[in-house]
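Visitor: Coordinates only, no sequence provided:
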């Protein structure tokens, strides 16, 4: 079910944090977007989420995003495992997402990317023999 995982980092300094990770990866972010009060960027297996302390507060203790093949199948699986859906499935610029608190208390964001993003950032690099951390 999981196609790609990111380690999320929170920051109040989007450009500074992103510049650091771009230097460490030796390339530019493969994904940059604005969503609500957050500036977001994916580089390799790192996902930068930037905003004010107030904007970041609701998700600061969460993990992810984990990119999944089928958000509704995942939703049902999570419920069967005793998770609580804390953010029902909604449309986002990259596809659809939800937040779930697992039975053990772990709070995770799951995202189902659009077919175009899956092709661009997962399938095409796989065909080229690249690791997701090399994106």
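Guide: All right, it came through fine. No experiment lies behind these values; they were computed from the predicted model shown.
Visitor: Give me the neighbour count for residue 78.
Guide: Using other CB atoms under 10 Å, residue 78 has 19 neighbouring residues. Bear in mind the C-beta positions are built from the backbone N, C-alpha and C, glycine included.
Visitor: what does the average pLDDT come to for the strand or helix carrying it?
Guide: Using DSSP states H and E, the element containing residue 78 is helix 71-80. For helix 71-80, mean pLDDT rounds to 98.
Visitor: next one: it to chain centre, how far?
Guide: 17 Å (CA atoms, centre = their mean, to the nearest Å).
Visitor: Please apply the same query to stretch 102-119.
Guide: Counting by CA atoms, centre = their mean, stretch 102-119 comes out at 7 Å from the chain centroid.
Visitor: how about the strand ranked longest in the chain: buried residues?
Guide: Determined from DSSP state E, the single longest strand within the chain is strand 84-92. Neighbour-count burial for strand 84-92, counted by 16 or more other CB atoms under 10 Å, picks out 87, 89, 92.
Visitor: Now those in a markdown table, please, with extra columns for pLDDT and distance to residue 99.
Guide: Listed next are the buried residues of strand 84-92 as a markdown table, based on pLDDT from 0 to 100; distance: CB to CB, whole Å:
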| residue | pLDDT | distance to residue 99 |
| --- | --- | --- |
| 87 | 96 | 4 |
| 89 | 98 | 10 |
| 92 | 95 | 12 |
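Visitor: Many thanks, have a good one.
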